[in-house]
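Novice: only geometry, no sequence info:
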């Protein structure tokens, strides 16, 4: 069993993270992973060159730990791995990796989905899109909040 | 006979868009007693509020309520809405 999360100050490699998740898995046959990429366009179609993520020196890690711990308690999973970038992320580069393993695929899918819905609304990061059109702070959307409520 | 000091020097730290508006940190001299709710009103501006339903307050790496008393040397952090993932 493996439950872990980390904040990555530099580029994360989804392939390596997936391999690590598979390596950590024992008897579970279902492996589900999600990778979120920094968008190339903003909400109004403006070009985005990079996403800048800020985190809190203590609270961010604590928020990630809680999400992983809660996922472990809610789902019969063998592993949960979360890697979340902080700092500058160029457009199209990975921001987050979230993976879950379980004996049954439905549980692995649900656990990964749950982790992402929690990350979108509760992980303590502040995101700013930067491009030629300027800078814009991003907040969780109504859709993100509605998705989070599915698990209440 | 000396008079008890009724003020305190504190620091306020901001994150995200609040840091753009206020700067990353502020050093303040506040009258005592002072609670988090009082501090919000002192710091807020007409173009940038610190409404408690949107901005959380944190002291010593713990979220605190509006009636949390602020003491000498405290660092109060104001956190705007978060967005991960």
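Specialist: Alright, I've got the coordinates. In this text the structure is predicted, and so the values were computed from the model without any measurement.

Novice: Residue in chain B with the shortest distance to chain A?
Specialist: residue B:84 (2.6 Å; CB to the nearest CB). In short, each C-beta sits where N, CA and C put it, glycine included.

Novice: contacting residues for that residue?
Specialist: Listed by CB atoms under 8 Å, 6 or more residues apart in numbering or on different chains, the contact set of residue B:84 reads A:63, A:84, A:96, A:119, A:120, A:121, A:122, A:123, A:124, A:125, A:127.

Novice: same check, this time on residue A:39
Specialist: Here residue A:39 is in contact with A:48, A:51, A:91, A:129 (CB under 8 Å, 6+ apart).

Novice: State the distance from it to residue A:149.
Specialist: According to CB to CB, to the nearest Å, residue A:39 and residue A:149 sit 24 Å apart.

Novice: now swap in residue B:56 and tell me
Specialist: 20 Å.

Novice: So for these two, which residue has more residues nearby?
Specialist: residue B:56 (19 against 9; other CB atoms under 10 Å in any protein chain shown).

Novice: correct me, but residue B:40 touches residue B:52?
Specialist: Yes - with contacts counted by CB atoms under 8 Å, residue B:40 reaches residue B:52, the gap being 6.9 Å.

Novice: If you count surrounding residues, which of those two has more?
Specialist: Counted by other CB under 10 Å, residue B:40 and residue B:52 do not tie: residue B:40 has more neighbours, with 19 against 13.

Novice: Could you find the closest non-adjacent residue to the closest residue to chain B within chain A?
Specialist: Of all residues in chain A, residue A:123 sits closest to chain B, at 2.6 Å by CB to the nearest CB. Distances taken as CB to CB, 6 or more residues apart in numbering or on different chains put residue B:84 closest to residue A:123, at 2.6 Å, once the chain neighbours are dropped.

Novice: wait, is the one you found part of a helix?
Specialist: No - with DSSP: H, G, I helix; E, B strand; the rest coil as the criterion, residue B:84 is located in coil rather than a helix.

Novice: So the residue nearest in space to the middle of chain B: helix, strand or coil?
Specialist: Central residue of chain B (CA atoms, centre = their mean): residue B:76, 4.4 Å from the mean position. Counting by three-state DSSP, the backbone at residue B:76 sits in strand.

Novice: Look up the closest residue to it, ignoring the ones flanking it.
Specialist: residue B:12 (5.2 Å).

Novice: Residue B:15 against residue A:57, yeah?
Specialist: No - with contact defined as CB under 8 Å, residue B:15 does not count as touching residue A:57 (10.4 Å).

Novice: Please identify which of these two sits among more neighbours.
Specialist: Neighbour count, other CB under 10 Å: between residue B:15 and residue A:57, residue B:15 has more, with 22 against 7.

Novice: what's near enough to touch the more buried one?
Specialist: By CB under 8 Å, 6+ apart, the contact set of residue B:15 is A:54, A:56, A:126, B:77, B:78, B:79, B:80.

Novice: repeat that for 10 Å
Specialist: Neighbouring residues of residue B:15 by CB atoms under 10 Å, 6 or more residues apart in numbering or on different chains: A:54-56, A:59, A:124-126, B:24, B:55-56, B:58, B:77-80, B:82.
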